[in-house]
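Q: Just a sequence and a predicted model for now, questions to come.
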Amino acid sequence: MANRIFFILVLAGVPLSVIGSVLHWPSVLMFVVYCLTIIALAGFMGRATESLASVMGPRIGGLLNATFGNAVELIISIFSLKAGLIGVVLASLTGSVLGNLLLVAGLSFFIGGLKYKRQKFNVYDARHNAGLLIFAVIVAFVIPEVFSQGMPEGKTMALSIGISVILIALYLAALFFKLVTHRGVYQSTEKGSEQVQHEEEPEWGKGKAMAILAAATIAVAYVSEKLVHTFHEVGEAFGWSELFIGVIIVAIVGNAAEHASAIIMAYKNKMDIAVEIAVGSTLQVAMFVAPVLVLISLLFPTSMPLVFTLPELITMVTAVFLMVIISNDGETNWFEGLTLLAAYIIMGIGFYLL
């Protein structure tokens with residue numbers, strides 16, 4: 001049913017996006033059309049990566065899902081940088097971290113936990129990811145904020161570039177560690193989930209899945225560029241701040257693929273993939289997407305330092321600590337999911353009223 005709705009939305013949304021932008025339809029109407037179209041396209045991206053995950057295993061599948069899910073947000077952010085919306089980009093990065101750790105993981109744990117009393121996932125991966133989360137968000141994001149106090153703008157940008165290069169290098173090293181040198185060293189205690197993963201028939205073949213991914217990514221790039229140009233008028237119409245649009249709206253739309261896929265995986269009790277999507281996507285945003293955007297911003301008139309506002313920093317640090325404490329034992333339940341969701345709602349209210 002959901003797949004049919006997404007198909008109809010894509011079939012109607014892509015042409016309407018083109019026609020509406022050419023005929024200059026009202027910004028609020030087009031904002032809704034663009035958001036629904038991106039979410040529907042993200043649904044196709046999620047199904048394609050799920051098909052690839054069935055062939056390639058949970059780690060590669062989770063990484064692919066996170067990568068193509070974050071591709072949507074990366075595209076939106078690049079067009080936002082081009083438009084000079086630095087605040088929206090930093091806020092959307094914050095929203096991605098909060099959305100993945102609290103909303104995506106929370107919904108996955110909650111919905112999966114309603115069906116299963118206890119759900120287990122690879123405790124070694126959880127501990128490995130916990131260390132990286134603490135490094136990426138607390139060390140790499142807090143340090144620029146601390147050192148940039150009273151520092152000239154040029155030096156702040158130099159500090160951001162240095163940290164960005166280190167983050168990208170460490171992220172690539174982490175992938176090499178997990179997928180090459182230590183692949184299979186830390187096996188999951190839940191072998192059943194691995195067997196189900198290999199036995200399940202993928203919805204699409206590898207070739208078809210990759211073709212759909214490529215087409216959906218191109219369509220998302222076009223619609224995202226149009227979406228960015230509606231932010232100012234939509235913010236004025238609804239009384240939304242630039243911070244709220246970035247943290248909540250852009251983050252939810254940009255991460256729609258991960259939201260859907262992680263919840264489906266949790267409902268099927270494939271928690272290794274669900275956790276890999278939620279936490280792996282956060283790590284990719286913090287250690288790859290954010291630093292890449294800092295470097296890309298050097299190509300535009302206004303460059304973006306890796307310096308967040310105090311509310312953004314505090315909420316991200318809080319989300320990381322909460323996720324680390326909840327996931328460190330390698331198992332979860334519906335109540336832990338509800339706790340993560342409650343934290344997300346509290347932060348959402350704060351950003352709305354700010």
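A: Good, I have the coordinates.
Q: Next, please give the residue ranges for the strands of the stretch 201-350 of the chain.
A: In the stretch 201-350 of the chain, the segments counted as strands under DSSP state E, counting those that start in this stretch are 331-332.
Q: Secondary structure element for the closest residue to Leu341 other than its chain neighbours, which one?
A: Counting by C-beta to C-beta, 6 or more residues apart in numbering, Leu341 lies nearest to Gly106, which is 3.9 Å off, once chain neighbours are set aside. The way it works is simple: take the backbone N, C-alpha and C, and place the C-beta from them, glycine included. Applying DSSP states H and E as the criterion places Gly106 in helix 105-115.
Q: helices or strands up against that helix?
A: strand 119-120, helix 256-267, helix 271-284, helix 310-327, strand 331-332, helix 334-353 (3 or more C-beta pairs under 8 Å, 6 or more residues apart in numbering; DSSP states H and E).
Q: got JSON lines for the ones you listed, with mean pLDDT too?
A: Listed next are the helices and strands packed on helix 105-115 as JSON lines, based on pLDDT from 0 to 100:
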{"stretch": "strand 119-120", "mean pLDDT": "90"}
{"stretch": "helix 256-267", "mean pLDDT": "78"}
{"stretch": "helix 271-284", "mean pLDDT": "87"}
{"stretch": "helix 310-327", "mean pLDDT": "93"}
{"stretch": "strand 331-332", "mean pLDDT": "91"}
{"stretch": "helix 334-353", "mean pLDDT": "94"}
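Q: Would you mind finding the most buried of those?
A: helix 271-284 (a mean of 29; mean count of other C-beta atoms under 10 Å).
Q: Show me which helix runs longest in the chain.
A: Looking across the chain with DSSP state H, the single longest helix is helix 27-56.
Q: now the angle from it to helix 271-284?
A: Relative orientation of helix 27-56 versus helix 271-284 (axes from the mean of the first three to the mean of the last three C-alpha atoms, to 10 degrees): 130 degrees.
Q: Return the distance of the next helix or strand after helix 27-56 from the chain's centre.
A: Of the helices and strands lying after helix 27-56 in sequence (DSSP H and E), the nearest is helix 58-82. Put simply, helix 58-82 sits 7 Å off its chain's centre (C-alpha atoms, centre = their mean, to the nearest Å).
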